[in-house]
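Novice: Need coordinates for the following:
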Amino acid sequence: MMFIEPSLKPSQLVSTSEVNKEFSKIKKQARNNPIFVSNKNQIDTVILSYDDYLAMYNLALEAQEMEYYKQAGVELRAIQSGTSNTVALDLSGIEDDGTPDAELFE
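Specialist: Predicted structure coming up:
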């Protein structure tokens, strides 16, 4: 996976020592834009609002879910075409005994 570095404004870049001295101020700034913390001229930490974190977290979950379904679709097509090593179970011959699903999984 290739990572693209975001562009940032000079006001978004702070040093570790500045964070240590002015954390309240920087925390307030992070509510509007992520703050990039540098240590020895390298960005090593990002401070962002909880809402921004949740948005990123949920996008990551969606991407993970999409990849899962994409892989499942590829496998299903392989099963259907007979090119899969996965064994598909044929359950069509099993009769329903009438037991509700809720009882089966109590």
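Novice: Quick check: I4 vs N39, distance?
Specialist: I4 sits 22 Å away from N39, going by Cβ to Cβ, to the nearest Å. Using the backbone N, CA and C atoms, a C-beta is placed for each residue, glycine as well.
Novice: Between the two, point out the one with more neighbours.
Specialist: The residue with more neighbours, out of I4 and N39, is N39; 12 against 5, by other Cβ atoms under 10 Å.
Novice: So what's the residue count around S81?
Specialist: Neighbour count of S81, defined by other Cβ under 10 Å: 8.
Novice: any idea which element the nearest residue to K9 once chain neighbours are set aside lies in?
Specialist: Excluding its sequence neighbours, the residue lying closest to K9 (Cβ to Cβ, 6 or more residues apart in numbering) is N33, at 7.3 Å. Per DSSP states H and E: N33 is located in neither a helix nor a strand.
Novice: is it true that N33 touches Q12?
Specialist: Yes - contact criterion Cβ atoms under 8 Å: N33 and Q12 qualify, at 5.5 Å.
Novice: These two: which has the busier surroundings?
Specialist: Counting neighbours by other Cβ under 10 Å for N33 and for Q12 shows that Q12 has the greater number, 19 against 15.
Novice: on that earlier part again, what sits against the residue nearest to K9?
Specialist: When contacts are counted by Cβ atoms under 8 Å, 6 or more residues apart in numbering, N33 touches K9, S11, Q12.
Novice: Could you report the pLDDT at the residue nearest the centre of the chain?
Specialist: Against the mean C-alpha coordinate of the chain, by Cα atoms, centre = their mean, the closest residue is A60 at 1.9 Å. With respect to pLDDT, A60 scores 92.
Novice: Helix, strand or coil: sort out it for me.
Specialist: helix (DSSP: H, G, I helix; E, B strand; the rest coil).
Novice: With V46 instead?
Specialist: strand.
Novice: The closest residue to it other than its chain neighbours: how many residues sit nearby?
Specialist: The shortest distance from V46 to any non-neighbouring residue, by Cβ to Cβ, 6+ apart, is to P34 (5.2 Å). The burial count assigned to P34 is 16, neighbours taken as other Cβ under 10 Å.
Novice: Cool, thanks, talk later.
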